[in-house]
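> coordinates for the following, if possible.
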Amino acid sequence: MHGLRPYDWAPGWLNLYWSSLALFDTLAAVFLIRGKRRGTDLACAIVATDLAANWYAVYGIQHSSLAAQPGLQRLTVFAALVLGTAPFIRRHLTH
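Numbering: from 1, shown residues only. A predicted model of the protein is given here:
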């Protein structure tokens, strides 16, 4: 589905959060392309909150598990990569 409520099974606030990522991901990319540290900060905030939202959706709403959700597995690895490399990348960016 499309729009602000793409997932029928998820509460409105979660749909709104996931939809807002289109704006926040773009903003983080713009900051990073311009060499700004706030790009890494925003990317870390996005990936951390997105991971938390997805874990909540899988465990709290869908009553599933990490083993049954390859998308969540990939997101967890990606989050570890972003959060693990951000301090090193941030050093090379400007305020």
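> which stretches of this structure aren't confidently modelled?
Across the chain, the ranges flagged by pLDDT under 70 are 1.
> quick one: the helices in it?
Counting by DSSP state H, the chain has helices at residues 12-33, 37-55, 70-90.
> buried set for the second one?
For helix 37-55, a neighbour-count test (16 or more other Cβ atoms under 10 Å) marks 37-40, 42-44, 46-47, 50-51, 53-54 as buried. For every residue, glycine as well, the C-beta is placed using N, CA and C.
> format those as a markdown table; extra columns: distance to residue 64.
Below are the buried residues of helix 37-55 laid out as a markdown table (distance: Cβ to Cβ, whole Å):
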| residue | distance to residue 64 |
| --- | --- |
| 37 | 37 |
| 38 | 35 |
| 39 | 33 |
| 40 | 31 |
| 42 | 29 |
| 43 | 27 |
| 44 | 26 |
| 46 | 23 |
| 47 | 21 |
| 50 | 17 |
| 51 | 15 |
| 53 | 14 |
| 54 | 11 |
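> in the residues you listed, find the pair that's most separated.
Of all pairs drawn from the buried residues of helix 37-55, the one with the longest distance (Cβ to Cβ) is 37 and 54, at 26.0 Å.
> tell me the spacing between residue 19 and residue 11.
Separation of residue 19 from residue 11 (Cβ to Cβ, to the nearest Å): 13 Å.
> fine by me, we can end here.
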